[in-house]
Structure formats: structure tokens, C-alpha cells
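A.B. asks: Model the structure of this input:
(chains A, B, C and D)
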Protein chains: 2
Amino acid sequence: MAQTDTVTRILDTAEVLFAERGFAETSLRNITSKAKVNLAAVNYHFGSKKALIQAVFARYLDPFTERFHTVLDELESEYGERPIPLEVLLECMARTVLEVPAERNSLKVFMRLLGLAYTQAQGHLRRFIQDHYGSVFTRFAELVRRATPDLPDAERFWRLHFMLGTVIFTLSGLDALRDIAEKDYGEHVSVRDLIRRLRPVVVAGMNAPLPEPAKAAS
Amino acid sequence: MAQTDTVTRILDTAEVLFAERGFAETSLRNITSKAKVNLAAVNYHFGSKKALIQAVFARYLDPFTERFHTVLDELESEYGERPIPLEVLLECMARTVLEVPAERNSLKVFMRLLGLAYTQAQGHLRRFIQDHYGSVFTRFAELVRRATPDLPDAERFWRLHFMLGTVIFTLSGLDALRDIAEKDYGEHVSVRDLIRRLRPVVVAGMNAPLPEPAKAAS
DNA sequence: TGACGTTTTAAACATCCGTTTATAATCAGA
DNA sequence: TCTGATTATAAACGGATGTTTAAAACGTCA
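C.D. replies: Numbers count the residues shown, from 1 in each chain, chains lettered A, B, ... in the order given. You can find the predicted model right below:
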């Protein structure tokens, strides 16, 4: 099965290089030479560089969304009509994020890719992710809405993205930060450590008091 | 003074294009044609594309750090030996961030650039920023340390970066998010609105309860 | 005016990019 | 073993990139 071998070798190499340098800064020749594969193989198997980028994401996001939907199903049948507490929802998401890429020790890569999807231009990527995986985010957001009934809709929208920023930014820039932390505090930090540290901060942020109204307070 | 004119026209155009598309995705020909300047002018005035990128950052960060140092001086002389409250420190930083690029209506650009500095590869940029502007961050971190004496050093280190992630991620991806928010909640959101919303979340995150210890809790 | 340092300009440079082509190798089914 | 489709490979394509060169234009001061 030389075909599958070539395809996965391309994907394995591409995801690492993309995560390290970004999409535009990683050439097909970088990928194919490191993967020991012919240059034309990418266009043969994937069609284009854009399609390769999307395939790299799909390999993470397909199992993630499937698993996340399953776990949410279980939670919903367990709680019935009662709202699922915010802590449970966050815990459940964290667990899923941890489990999916675990087999390849690539959580760091996964997070970095998510960060790139947000920050790199690549309009096609945003559209691809929105179209293929928007529904699972919508479902999660709706459950968060029920868990935080006192939060105005707009406020919750923004806080969800604040928290997304906290997590993605931290985990995607992890390598650089870890070096500093290790040097300054002599403490080795695993991704699981970081998630343990993140949880109370995220929960406190979501439950923070509402900001003072825009124009009031003379 | 045609020289100054050319230099600033290059910088003005470059910062907008960099913020929109990133560094690698913006070619010198993009910049020079939009700025109505000869292609070779960039290499003549700045030496290289890397140097141009650094010059774009220096134009924001030089006045920012100068002003921030001044404001911190004032705060320290006002509080003497007493620690400056966290809210005051954050408020002071937010005000400085808002004031510096205000004259050019370019806060959005500034934030987006900061986000790029973190997420794009560009090792030279990280080194440049670290070398030239690391000291002001160190000073701020020390003041935060005195404001949160109960926080373990490592915990505070990570929380500072969590908060940095929240702010930079949100403000740098602001355009996309603002479109969604406007469509879904019919609410126009200014950068000042967002900072108003950010403050309670950031404060609550910094003051969140400590995470449970790593291996305890049978 | 004339000479000189600075700035602008057009053109070329070498290099890299993503993609395509045409040919060779490989493999399964008859 | 021959056939036909699938996969691998080397080479080339057209175009874009950052940078350099050498000549022109400009401004300034004697």
C-alpha cells in the first residue's frame, strides 16, 4: 500500500512544518523533500496546496467533531432538560481536545494549527472550517447559553471568544513560553499542566461581573 | 522633503498591508505600487524587507514604551512603597495602548501587528522586539507581582500570558468577529467597547482561585 | 553655473514558487 | 503473462519574489 504511505507521509510532514512556520512560509518543496516524496505527489494526491492545507485540518477536525458530538449527546441525555453546568461543558471540551490528537503526541501541533487558522490570511481555510465544522461550535455555544442564562447574549458571545483566545494563543505559542517558564521557574510544564491552570481562569472569566454600561457613570 | 515623504508613505502602506495579510503574503511590489513609490526605494531606505518590518513595529513601540514608562513613573511616585492595585495597572496599560496610536486611527492595525508578531514565524521580529522592548514588559510584570502577592510566581507568569492572549487574540482578529457580532446581535462594537468588556474578564481571570495541585486529589 | 551628495528610477538578477507534462514504474485482475 | 489502471518520478513551465545595479534626476551650496 505505497499510496497510503505517501499520502500520510505528506500529511505528517506538512502538519509539522505548517505548525512551525505557517502556510505561506512552507513550500511544497520543503514538505516533499523532508517527507522523501516526489514534488509532484502533492498535486497528484491532493490537487493543490490549498487542498493539502484543508486535508491537514480535516485529519484533526473530523475525529474531533465526531467525538465531541458523541460526548455532548451523552451529556444531554444525562441532564435532560436541566442546563449542563459551565464547568462540565468546559471540562468535556478540554477532555475531547486532549484525547483526539493524543495518539500522535501532537496536541501542540493541533493547537498551533488552530491558531494559524485564525491568524493567517488563508480565506479559503476559514471558509472551509466554517462550512465543515461550524455546526459543532454552534451546538456548543447554545449549551453554554443555557449554562449562563444571566449573561446577555452579546456579552457571552464576546467572552466565549475571549476564552478561545486565551486557550489558542497560549497553547499555540507554547514552545516559546515554555522555554521562558522553564528557565525562570525551573518548572517543566506539560500541556495537561497548562490546561489545569487554564480551567479556573476561564471559569472565572466567564463568570466575571458585567462591565459598567457604556455611557453611564457620570 | 521628498525623502521623508517616501519613507513615511512606505511605512504607512506597509503597516496596513502587513496587518491585512501578514508579512510573507505582502510583497514589496504590493507595498511600493500602492504607495506609488519605486520598488527599489524600500531597499534603499530600509535595507531589506526584514528591516522594513522592524521599522513598522518601531514606529508604534518606541512611543508606546516611552509613554508607558512615564505613566509607570507617575504611578510609582504616587503610591510610594505601597503596591499599585492590579486594576490600576491594567487600566493604565489599557489607556496607554489606546492613546499611542490614536492619532492615526490605527489601534486596530497596531493590535493586529502585535498578534502577527506572536503568531507569524519571523524569528528576527521576535528577537528584535525582545531586545528592544523586553525591559518595559519586565518592569510591568514586576509591578503586577507586587499587586498580586498571593499568587505563586509561576502561576502569575502563566496568567499574565493568558490575559495577553485574550487581549491580542481578540483585538487582532477583531474585524472578523465584529462582522459576526454585528450580524447576530445588531450591535456595533468599537475597540473601546471591547476594552470595557475585557476589563472585568481579565481582572477576574487574574484573581481566579488557584488550580488544584497537579497530582493530589485522589 | 557647476559640482557633489542624496534620492529616484528602470531594468536586470538569481532564486524560489505552485503547477503541469510526459514518461517510467508498479500492481492487480484476467 | 499480458493488460490496464494507478502511482511515482524527473523535468520543465510561467510567474512572482527580494535584491542589486547603473544611470538619471534632484537639491544644495560654492
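A.B. asks: just for chain A, where's the confidence low?
C.D. replies: Per-residue confidence for chain A (pLDDT under 70) gives these ranges: A:1-4, A:103, A:105, A:121, A:215-218.
A.B. asks: From chain B, how far off is A:P63?
C.D. replies: 25 Å (CB to the nearest CB, to the nearest Å). (Glycine included, C-beta is placed from N, CA and C.)
A.B. asks: Distance check, the nearest residue to that residue once chain neighbours are set aside against chain B.
C.D. replies: Closest residue to A:P63 apart from its sequence neighbours, by CB to CB, 6 or more residues apart in numbering or on different chains: A:V100 at 5.3 Å. Distance check for A:V100 against chain B: by CB to the nearest CB, it reads 22 Å.
A.B. asks: list the contacts for A:R67?
C.D. replies: A:T96, A:E99, A:V100 (CB atoms under 8 Å, 6 or more residues apart in numbering or on different chains).
A.B. asks: Does it lie in a helix or a strand, and which?
C.D. replies: Taking DSSP states H and E as the definition, A:R67 sits inside helix A:49-79.
A.B. asks: distance between that helix and the chain's centre?
C.D. replies: Put simply, helix A:49-79 sits 10 Å off its chain's centre (CA atoms, centre = their mean, to the nearest Å).
A.B. asks: and if you look at stretch A:165-172?
C.D. replies: Counting by CA atoms, centre = their mean, stretch A:165-172 comes out at 9 Å from the chain centroid.
A.B. asks: ok, now stretch A:160-172?
C.D. replies: For stretch A:160-172, the gap between its own C-alpha mean and the chain's C-alpha mean amounts to 9 Å (CA atoms, centre = their mean).
A.B. asks: That stretch and chain B in contact?
C.D. replies: Yes - residues of stretch A:160-172 contacting chain B under CB under 8 Å from any CB of the partner chain: A:H161, A:F162, A:M163, A:L164, A:G165, A:T166, A:V167, A:I168, A:F169, A:T170, A:S172.
A.B. asks: out of these, which are inside helices?
C.D. replies: Judged by DSSP state H, helices contain the following of the residues of stretch A:160-172 next to chain B: A:H161, A:F162, A:M163, A:L164, A:G165, A:T166, A:V167, A:I168, A:F169, A:T170, A:S172.
A.B. asks: Skip the chain neighbours and tell me the closest residue to the fifth one.
C.D. replies: The shortest distance from A:G165 to any residue other than its chain neighbours is 2.8 Å, reached at B:F169 (CB to CB, 6+ apart).
A.B. asks: does the one you found really touch B:R112, like I thought?
C.D. replies: No - the pair B:F169 / B:R112 is not scored as a contact, 10.9 Å apart, by CB atoms under 8 Å.
A.B. asks: Which of these two has more residues huddled nearby?
C.D. replies: Applying other CB atoms under 10 Å in any protein chain shown to B:F169 and B:R112 shows that B:F169 carries more neighbours, namely 29 against 24.
A.B. asks: ok, now which ones touch the more buried one?
C.D. replies: Taking CB under 8 Å, 6+ apart, we find B:F169 in contact with A:Y118, A:H161, A:L164, A:G165, A:T166, A:I168, A:F169, B:G115.
A.B. asks: contacting residues for A:R126?
C.D. replies: A:R126 makes contacts with A:A117, B:A176, as judged by CB under 8 Å, 6+ apart.
A.B. asks: quick one: the helices in chain A?
C.D. replies: Using DSSP H, helices in chain A cover A:2-21, A:28-34, A:40-45, A:49-79, A:86-99, A:107-119, A:123-147, A:153-172, A:174-185, A:191-206.
A.B. asks: Same list (those) but as JSON lines, adding distance to DNA strand C.
C.D. replies: Formatted as JSON lines, the helices of chain A follow (distance: least, CB to the nearest atom of the strand, whole Å):
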{"stretch": "helix A:2-21", "distance to DNA strand C": "6"}
{"stretch": "helix A:28-34", "distance to DNA strand C": "4"}
{"stretch": "helix A:40-45", "distance to DNA strand C": "4"}
{"stretch": "helix A:49-79", "distance to DNA strand C": "4"}
{"stretch": "helix A:86-99", "distance to DNA strand C": "29"}
{"stretch": "helix A:107-119", "distance to DNA strand C": "15"}
{"stretch": "helix A:123-147", "distance to DNA strand C": "11"}
{"stretch": "helix A:153-172", "distance to DNA strand C": "21"}
{"stretch": "helix A:174-185", "distance to DNA strand C": "23"}
{"stretch": "helix A:191-206", "distance to DNA strand C": "30"}
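A.B. asks: Same list (these) but as TSV, adding distance to B:H124.
C.D. replies: TSV is the format used below for the helices of chain A (distance: least, CB to CB, whole Å):
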stretch	distance to B:H124
helix A:2-21	13
helix A:28-34	19
helix A:40-45	29
helix A:49-79	25
helix A:86-99	32
helix A:107-119	18
helix A:123-147	26
helix A:153-172	20
helix A:174-185	14
helix A:191-206	27
